[in-house]
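Student: give the three-dimensional model of this entry:
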Amino acid sequence: MSKIRVLPDILSNKIAAGEVVERPASVVKELVENSLDAGSTSIEVAIERGGLAGIRVSDNGHGMGADDAMLSLERYATSKLLTDADLFSIRTLGFRGEALPSMASVSRFELVSREQDAPSGVRIVVEGGRILDVTETGAAPGTVISVKNLFFNVPARRKFLKTENTEMGHIADILLSVSLGFPDVQFRLLHNGRVLRHLAGGDAFVRAVDVLGKEVENHLFPVEHRGAGIRVSGWVASPDISRSTTQRIYLYVNGRHVRDRSVYKALFEGYKGRMMTGRYPVAILFLDVDPDRVDVNVHPTKHEVRFADGRAVWAAVRDGVALALTGEDNRKWQVSSVSRRESLEEVRNIVATHGAVSSRHGEGLGPLSGENVSGNDLKDGAGSASSFSAEAAPLAGEIVRESAESGDPGHAFSPEAMFSGKEEQREEAGEIRQERPRFSGQGGSPGVFSAQDPQGRLWEKKEFYSELKIIGQLHNTYILCESDAGLVMVDQHAAHERVRYEALRRRHEKGKGLSQQLLIPQVVELGFRETDLAWELLPLMEALGLYVEPFGGNSFVIKAVPDLLSHGDLGQVFADTVAEMVAEGHTESYVEAVDQCLILMACHSAIRANQALKPEEIRHLFHELDACAQPSRCPHGRPIWIQWEKRFLEKSFGRVG
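Tutor: Just a heads-up that it's a prediction; the model follows:
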C-alpha cells in the first residue's frame with residue numbers, strides 16, 4: 001500500500017492558512033486588499049475583541065455574482081491572472097487566490113456580495129472549510145465578509161495569539177499602512193462598536209499627516225526623483241524627527257506596502273551624516289516601477305519583492321532622499337559624509353567650505369552638568385563657533401577622511417538589526433549592565449586606543465579629562481584635545497549623555513527626584529500597540545519624575561518633567577521608551593525598564609552633534625565626566641574618547657620609522 005497520499009482539501013487549506021493567515025491582522029490585510037482591487041472608494045473594518053471574536057470588512061466595490069462568489073472560495077481561483085505571463089506583470093494587490101479559502105477553512109466565515117447593476121446579491125456561509133449555505137439575499141452593492149472565531153478549529157494556532165489590545169494594535173498598523181498607498185479611499189476602523197479612526201479620502205499629504213501625527217506636519221520634505229525608469233516620491237522627515245525603531249518607515253512598490261532590505265539601506269544612505277546611531281527616520285516612500293521589472297510573487301504574504309535592477313532602485317531612492325533633505329542641510333546640518341574615493345584635498349575643501357552650524361536648541365544649551373549647574377551659569381551657551389572651532393588643518397583632514405573610509409560611528413545606521421529582531425539589542429543592553437569587556441575602537445590599529453582598549457589605561461586616571469589641553473571642536477561634534485600621550489578626541493554627545501545618566505540614576509536611587517511643572521503641557525500621540533503598554537508604564541514614569549496622564553484615545557499629556565531635563569524633548573523620550581518596549585515583545589522587569597527610561601532621558605537631553613560649545617562649557621563637561629563612576633563609555637556602551645599616540649602620529653607623517 002502506498003505511503004504517500006493526497007491531502008484532502010480541508011487539511012491542505014489549513015496548511016495554506018498557516019502561511020497566509022498568521023493572526024487577525026493578516027485577515028484584515030487580505031480582505032482590504034481585495035476591496036481595493038475591486039475598485040472600492042469606501043472601506044469599513046469592524047473588529048470585535050481584537051479580531052479574536054470577529055472581523056467584518058465592508059466595501060462599495062464592484063461586487064461578485066453567485067458564480068464568482070463560489071469560485072472565490074476555491075484555492076488558486078482568481079480574476080487577476082489569465083496567463084503565466086501575467087504573473088510577471090502584476091498590477092493588483094492580490095493575485096494568488098489563496099486568502100479567502102484559507103481564512104474560510106479556519107473560521108466561521110460569511111460572504112455577502114452584490115454586483116453594482118444586479119437586482120440582488122448572494123450569501124455564502126462556511127464553517128471550517130465546509131460550505132453550509134448559499135442563498136440569494138438583498139444587499140447593498142459591494143462586498144461584506146465576516147470572519148468569526150478565527151482558528152476555532154486550530155487550537156494550537158489560537159494559543160499563539162496575543163492579548164486583545166496587542167492584536168488590535170497590529171490590525172490598526174496594517175490598516176494605516178495600507179491606507180497610505182490609497183489616499184483617495186475612505187477608511188473607517190471600529191473596535192467593539194467604537195470608531196477608532198476615520199480617514200477621509202482626498203489629499204495624499206493630509207493622509208500622511210493623519211497617519212504619522214500632527215507633530216511631523218511641518219517637518220516633512222517632499223521626495224520627487226526619477227532615474228533609470230524608476231520614480232521615487234513621498235515624504236521624508238527632518239532628521240530632528242527620528243524614532244528608536246523602524247515602525248514609522250512606510251515603503252510602497254506600485255502601491256503595495258512592502259519591506260525590502262536594499263531599499264531600507266538606500267533610505268539610510270540618504271540620511272547618512274544627518275542622524276545619530278541607533279535612530280531611524282520617519283519616511284513614506286512610493287516607488288513606481290515597471291511591473292515587468294519587479295517580482296511580487298516571492299512570499300505568500302506578498303510583503304517582499306524582487307527587483308530586476310536592484311542597483312538602479314537603490315541609487316534612485318538614495319538620491320531622492322538626499323535631494324529632499326538638501327533644504328534641511330542648508331538650514332541646520334553640516335555636510336560631513338565624504339566618499340571613500342575623495343582625495344585628502346577634497347576633504348579639506350569640504351571642511352573649509354562648511355563652517356560651524358548653530359545649535360538647533362537655540363542659543364542656550366541648558367545645563368551641561370548632571371546636577372550642579374543652573375541654566376544661568378551657561379546662558380550664553382552657543383558661543384562663537386568661528387573663534388573656537390578647529391580649522392581645516394592637515395590632521396583634521398586626515399581624521400575626517402579616515403572616518404569616512406571606516407564608517408563614521410556617529411553617523412552609522414544598523415539596517416541589519418531591523419531585520420534580525422531585537423535579540424542583538426537585548427544582548428547589547430545586557431552587556432552594558434554587566435560592564436562589557438573593553439576592545440579596540442579602531443580594529444586593533446597600533447597606536448590608536450579607545451576608552452574600551454585594554455592598552456588605553458589613561459581613562460583610569462581620576463582627573464583624565466580635566467588634565468586635557470583643549471584644542472577645539474571638529475564639526476562641532478568632537479572635542480579635540482592634547483594629552484601627554486598624544487591626540488584625544490571626545491564625542492561631546494556621548495560624554496554629556498554619560499553625565500546626565502549617572503546624575504539621573506543617583507537621584508532615582510536616593511529617591512530625591514525633583515520635577516518641574518510644564519507651563520504648557522506637552523501632548524504625545526502614540527500608536528495603538530504603544531498605547532496599551534503606555535498605561536502600564538505611567539507609574540514607572542511618575543517614579544522617575546515624569547508625570548504623564550491619558551488624554552483620550554491614543555494621546556497622553558506630559559505635565560511635569562525631571563528638573564534636570566527641562567531642556568530635553570521629553571515627549572520623544574516617552575514615545576521612544578514605549579516603542580522600544582513594544583518592539584521587545586514583552587514588558588521588561590522594573591529594574592530594566594527604569595534603566596532604559598533613564599538612558600533615553602539622558603540621550604534626548606544631552607548635547608547634540610553640530611552644536612558649538614564655549615571653552616568654559618567644555619571644561620565644565622570634562623570636570624563632570626571625571627566625577628562619573630564610568631567615564632569611558634556612554635550608557636549605550638559606545639566609547640566616549642579615542643586617542644592617537646604621539647608615536648603613531650609621527651609614524652603616519654613619516655617622521656619616524
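Student: list phi and psi for L220.
Tutor: Note on L220: backbone dihedrals following degrees, to the nearest 10 are phi -100, psi 130.
Student: same check on the one 5 residues further on?
Tutor: Backbone dihedrals for H225, given as degrees, to the nearest 10, come out at phi -150, psi 140.
Student: could you give the bridge partners of it?
Tutor: V232 (DSSP bridges).
Student: is it true that it touches R318?
Tutor: No - using C-beta atoms under 8 Å, H225 makes no contact with R318, being 9.6 Å away. Just so you know, the C-beta spots here come from the backbone N, C-alpha and C atoms, and that holds for glycine as well.
Student: and these two? which has more neighbours close in?
Tutor: Set side by side, H225 and R318 show more neighbours around R318, with 22 against 18, by other C-beta atoms under 10 Å.
Student: quickly find the element holding that one.
Tutor: Under the criterion of DSSP states H and E, R318 resides in helix 310-324.
Student: which elements pack onto that helix?
Tutor: Judged by 3 or more C-beta pairs under 8 Å, 6 or more residues apart in numbering; DSSP states H and E, helix 310-324 is in contact with strand 220-227, strand 230-237, helix 261-270, strand 283-288.
Student: ok, now how distant is G39 from I599?
Tutor: Per C-beta to C-beta, to the nearest Å, G39 is found 50 Å from I599.
Student: swap that for V216, please
Tutor: 24 Å.
Student: between those two, who's got more neighbours?
Tutor: I599 (23 against 19).
Student: with adjacent residues omitted, what lies nearest to that one?
Tutor: Sequence neighbours aside, P635 is the residue nearest to I599 in space, at 4.4 Å (criterion: C-beta to C-beta, 6 or more residues apart in numbering).
Student: which of the three states applies to that neighbour?
Tutor: coil (DSSP: H, G, I helix; E, B strand; the rest coil).
Student: same check, this time on D68
Tutor: helix.
Student: what does E650 give?
Tutor: helix.
Student: okay, and the closest residue to it other than its chain neighbours sits in which element?
Tutor: In space, E650 comes closest to V656 once its chain neighbours are excluded; the distance is 4.7 Å by C-beta to C-beta, 6+ apart. Under DSSP H and E, no helix or strand contains V656.
Student: wouldn't V656 be in contact with R647 here?
Tutor: Yes - here V656 reaches R647: they are 6.8 Å apart, a contact under C-beta under 8 Å.
Student: between those two, which has more neighbouring residues?
Tutor: Comparing V656 with R647 by other C-beta under 10 Å, the one with more neighbours is R647, at 14 against 11.
Student: wasn't that one part of a helix?
Tutor: Yes - counting by three-state DSSP, R647 is found in a helix.
Student: related to what we said a few turns ago, I'd say the residue nearest to I599 and A602 touch.
Tutor: Yes - with contact defined as C-beta under 8 Å, P635 reaches A602; the gap is 6.0 Å.
Student: can you pull out the low-pLDDT segments for the stretch 401-550 of the chain?
Tutor: Along the stretch 401-550 of the chain, the parts satisfying pLDDT under 70 run over 401-461, 512-513.
Student: now the helices for it?
Tutor: 415-419, 423-433, 492-510, 528-543 (DSSP state H, counting those that start in this stretch).
Student: then the stretch 551-657 of the chain?
Tutor: Using DSSP H, counting those that start in this stretch, the helices of the stretch 551-657 of the chain run over 570-584, 590-605, 615-626, 646-652.
Student: distance to G61 added to the ones you listed, as CSV?
Tutor: CSV is the format used below for the helices of the stretch 551-657 of the chain (distance: least, C-beta to C-beta, whole Å):
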stretch, distance to G61
helix 570-584, 34
helix 590-605, 45
helix 615-626, 62
helix 646-652, 69
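Student: which of the ones you listed has the lowest mean pLDDT?
Tutor: The weakest mean pLDDT among the helices of the stretch 551-657 of the chain belongs to helix 570-584, with a mean of 77.
Student: same for that one, what does it pack against?
Tutor: Counting contacts by 3+ C-beta pairs under 8 Å, 6+ apart, helix 570-584 is packed against strand 242-243, strand 515-525, helix 528-543, strand 555-562, helix 590-605.
Student: so which of these gets nearest S466?
Tutor: helix 590-605 (21.4 Å; C-beta to C-beta).
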